[in-house]
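J.: Just the structure for this:
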Amino acid sequence: MNRLSFAAVAGSILVSLLSATVFAAGDSVRVYVGFEPGQKTAVAQSLKNAGAQTHHEFDALRAFAVTVPALALQGLQNNPHVSYVEEDPKRFLMAQSAPYGIAMVQADDLSLQPAAANRTVCIIDSGYDLGHEDLPTSNVSGTNDPGTGNWYTDENSHGTHVAGTIVALDNELGVVGVFRDSNVNIHIIKVFGADGWAYSSTLVAAAENCEAAGANVISMSLGGSFRSTTEDRYFAAANGRGVLSVAAAGNDGNTAYSYPASYDSVMSVGGVDEGRQLYTGSQRNDQVEIAGPAVLVHSTMPTGTGSEASVTVGTDGFAGIGMEGSPTGTASGPLVDCGLGTSACPGGAGQVCLIQRGSISFAEKVVNCEAGGGVAAAIYNNVSGGLSGTLGTTVTGIPSLGLSDTQGAALLGRLGEAATVTVDAGNYGYKTGTSMATPHVSGTAALIWSSHTACTNADVRSALNAAAEDLGDPGRDNSFGHGLVQARAAFDYLAASGCVGAPGDIILSAIGYKVKGKQQVDLSWSGATSANIDVRRNGAVVATTENDGAYTDVTGGKGKGSYSYQVCEAGTSTCSNTAQVNF
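T.: You can find the predicted model right below:
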């Protein structure tokens with residue numbers, strides 16, 4: 001670069017530095033001051049005369065880092081021995097952030113964190129990126145599936161994202177989870193490969209492996225539209241054995257049932273956004289039991305497969321979400337308001353296009369920005385919340401990202417300033433769906449259970465529902481269930497009410513089905529202590545059987561029918577709760 005062009009750059013740097021700030025007498029500013037070859041001593045003397053405080057000397061770069069009175073800046077710019085003057089901008093620790101959902105479910109209350117791991121959450125999903133910088137390697141185990149490979153890899157990303165919501169570490173990197181310090185046991189069952197589907201039988205086998213691994217909570221961010229009697233029977237039996245099963249309600253935005261979430265023995269989790277409004281895809285039906293954060297949830301992704309995106313103006317950074325299909329890279333230029341981006345943006349080549357969502361596709365907006373000479377596109381939402389978008393099959397040559405409505409409003413106040421857009425590969429990413437709501441609930445269940453270990457799965461489930469933040473219609477409704485899961489409130493509920501199913505109580509669950517038209521009922525229980533138990537149907541003892549936790553009652557009936565069941569210590573009136581079955 002020749003002297004003339006360098007001086008022009010130095011002048012523009014100084015002008016932007018001065019125009020961005022109104023200085024009063026006595027103000028000082030921290031800057032880099034470059035010096036021409038052989039002129040270090042002369043410039044050092046000029047800085048001393050100006051009252052500068054020198055912080056660093058970079059001989060190889062021919063520059064000083066100094067704090068200098070603001071009124072001396074123009075004189076330094078005019079000094080023939082000075083090659084440039086530029087701001088010494090602040091750099092910030094790239095610290096972790098807590099995704100909005102963690103505080104929303106009250107899991108940011110550090111007093112709830114257990115001192116050591118005493119509960120086990122089994123995650124049935126697409127695997128786990130063991131070795132990820134923000135995920136634990138201790139208290140983590142898994143079971144390999146012959147069809148999907150090693151549990152400690154994740155070719156899909158879904159499972160690693162789910163796991164991060166539950167256990168991302170408090171380590172100054174990335175994000176944090178419901179548990180922060182490897183203080184919960186995690187067992188991974190990998191049932192999904194890159195294609196993202198599996199059979200119901202695969203799920204049942206996986207859940208059996210969860211139980212074998214000592215799972216207290218099974219977390220399933222998965223589902224399908226067809227019911228399975230075998231699957232239903234398994235989860236009912238697991239519930240009777242003390243396991244709390246949690247699953248996603250589904251993302252079709254209708255009133256259909258999704259399974260396993262819609263079995264009575266499984267907690268069905270709906271979704272809300274950051275504003276506590278119903279996630280538009282969340283399925284709504286009478287099985288939805290509770291809700292969790294589901295929209296643009298920030299969590300871990302397999303190393304290098306995520307996306308980190310931002311806009312920087314001056315020293316202010318705005319974290320965004322890279323457009324799906326955006327090329328990676330960094331581009332800088334003056335920030336220009338391009339409205340809705342329905343045509344090539346005015347302002348000349350080299351600008352960063354600030355565009356509002358609406359009217360045309362995201363891809364068309366980016367194409368129009370590029371056609372007008374834009375070097376990057378920042379598209380902000382026209383409704384409350386962040387923006388995640390896709391370019392589809394459109395190929396563009398500039399980085400593009402989505403921003404929230406509030407970020408867009410803030411940037412509209414920074415037009416004309418130099419902006420830098422970065423879209424790069426990373427270790428974190430955003431996902432939306434009831435799959436993301438589910439780990440908020442399963443993690444919270446394990447969290448409060450960790451401090452109330454005498455409680456049963458039924459106690460924990462009841463506490464979560466009773467303490468949920470009511471949303472929508474008063475009381476339970478088909479959109480939000482009992483409401484938004486709340487960790488502190490559920491903890492306090494158990495502390496105040498105690499455990500209904502404390503040791504000594506018998507907990508019974510029942511599921512009815514038909515075999516060749518004939519009614520059968522599977523009973524599952526826990527808590528009985530005698531060698532044998534009596535099975536009571538509609539108040540009468542119909543069998544005395546071994547106390548092994550399971551019994552199938554073949555009623556002999558056909559068509560419709562209604563039965564109430566209890567199991568009792570044999571020959572006594574010490575009985576379980578009553579479980580009702582209707583055909």
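
J.: need the next SSE after the helix or strand hosting residue 536, C-terminal direction.
T.: In this structure, residue 536 sits in strand 532-537 according to DSSP states H and E. Of the helices and strands lying after strand 532-537 in sequence (DSSP H and E), the nearest is strand 540-546.

J.: Next, the buried residues of that following strand.
T.: With burial defined by 16 or more other Cβ atoms under 10 Å, the residues of strand 540-546 counted as buried are 542, 545. For glycine as for every other residue, the C-beta is placed from the backbone atoms N, C-alpha and C.

J.: That one - which strands sit beside it in the sheet, and in what orientation?
T.: Sheet pairing of strand 540-546 (DSSP bridges) gives strand 532-537 (antiparallel).

J.: any residues touching the strand it pairs with, and which ones?
T.: Residues outside strand 532-537 that contact it (Cβ atoms under 8 Å, 6 or more residues apart in numbering): 523, 525, 541-547, 551, 553, 555, 563-571, 575.

J.: quick one: low-confidence ranges for the chain?
T.: Along the chain, the model assigns pLDDT under 70 to residues 1-25, 88-96, 347-348, 500-504.

J.: Please produce a ChimeraX select command covering the buried subset of the contacts of strand 532-537.
T.: A single ChimeraX command selects the buried members of these (16+ other Cβ under 10 Å):
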select :523,525,542,545,547,551,553,555,563,565,566,567,568,569,570,575
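
J.: Which residue is the nearest non-sequential neighbour of the residue positioned nearest the centre of the chain?
T.: What sits nearest the mean C-alpha location of the chain, by Cα atoms, centre = their mean, is residue 297, with 3.5 Å. Closest residue in space to residue 297, ignoring its immediate chain neighbours: residue 436 at 4.0 Å, by Cβ to Cβ, 6 or more residues apart in numbering.

J.: Past the one helix or strand that neighbour maps to, which element shows up next along the chain?
T.: In this structure, residue 436 sits in helix 434-450 according to DSSP H and E. Counting by DSSP H and E, the element after helix 434-450 in chain order, helix or strand, is helix 457-467.

J.: which helices and strands does the helix or strand that that next one is followed by pack with?
T.: Downstream of helix 457-467, the first helix or strand assigned by DSSP H and E is helix 487-497. Counting contacts by 3 or more Cβ pairs under 8 Å, 6 or more residues apart in numbering; DSSP states H and E, helix 487-497 packs against helix 434-450, helix 457-467.

J.: buried sites along helix 487-497?
T.: Under the neighbour-count criterion of 16+ other Cβ under 10 Å, helix 487-497 has 487-491, 493-494 buried.

J.: Starting from the helix or strand just after that helix, tell me which strands it pairs with and how they run.
T.: Downstream of helix 487-497, the first helix or strand assigned by DSSP H and E is strand 507-515. Neighbouring strands of strand 507-515 in its sheet, by DSSP bridges, are strand 518-526 (antiparallel).

J.: Distance from the chain centre to the strand holding residue 536, please.
T.: Mean C-alpha position of strand 532-537 versus that of the full chain (Cα atoms, centre = their mean, to the nearest Å) differs by 45 Å.

J.: what does stretch 48-62 give?
T.: That offset, for stretch 48-62, works out to 46 Å (Cα atoms, centre = their mean).

J.: circling back to that earlier point, what about the residue nearest to residue 297, how many neighbours?
T.: Counted with other Cβ atoms under 10 Å, residues neighbouring residue 436 total 29.

J.: I'd guessed it sits against residue 293; true?
T.: Yes: the criterion here is Cβ atoms under 8 Å, and residue 436 meets it with residue 293 at 6.9 Å.

J.: which neighbours do those two share?
T.: Common neighbours of residue 436 and residue 293, using Cβ under 8 Å, 6+ apart, are 101, 271.

J.: List of residues touching the strand or helix carrying residue 65?
T.: According to DSSP H and E, residue 65 maps onto strand 63-69. If you take Cβ under 8 Å, 6+ apart as the criterion, strand 63-69 is touched by 26-35, 43-44, 47, 50-58, 76, 88.

J.: Quick one: name whatever helix or strand follows it.
T.: Following strand 63-69 toward the C-terminus (DSSP H and E): helix 73-78.

J.: And that next one, what's buried?
T.: Using 16+ other Cβ under 10 Å as the test for burial, helix 73-78 gives 73, 76-77.

J.: Which of those sits closest to residue 191?
T.: residue 73 (63.4 Å; Cβ to Cβ).

J.: Rebuild the buried residues of helix 73-78 as JSON lines, extending it with distance to residue 579.
T.: Shown next, in JSON lines, are the buried residues of helix 73-78 (distance: Cβ to Cβ, whole Å):
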{"residue": "73", "distance to residue 579": "80"}
{"residue": "76", "distance to residue 579": "83"}
{"residue": "77", "distance to residue 579": "83"}
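
J.: out of these, who's nearest residue 236?
T.: residue 73 (75.4 Å).

J.: can I assume the closest one is in contact with residue 30?
T.: No: judged on Cβ under 8 Å, residue 73 makes no contact with residue 30 at a distance of 11.4 Å.

J.: Residue 120 pairs with what?
T.: Beta-bridge partners, per DSSP bridges, of residue 120: residue 185.

J.: tell me the domain boundaries of the chain?
T.: What automatic domain parsing lists as the domains of the chain is 3-87, 100-300+433-494, 306-426, 507-582.

J.: now, of those, which is deepest in the fold?
T.: Using mean count of other Cβ atoms under 10 Å, the stretch among those with the greatest mean number of neighbours is domain 100-300+433-494 (a mean of 22).

J.: Any idea how far apart the tips of that one sit?
T.: 25 Å (Cα to Cα, to the nearest Å).

J.: what does stretch 387-397 give?
T.: Terminal-residue distance, stretch 387-397 (Cα to Cα): 21 Å.

J.: Equivalent analysis for stretch 276-292, please.
T.: Span of stretch 276-292 from end to end, Cα to Cα: 9 Å.

J.: which of the buried residues of helix 73-78 lies closest to residue 202?
T.: Nearest to residue 202 among the buried residues of helix 73-78, counting by Cβ to Cβ, is residue 73 at 68.2 Å.
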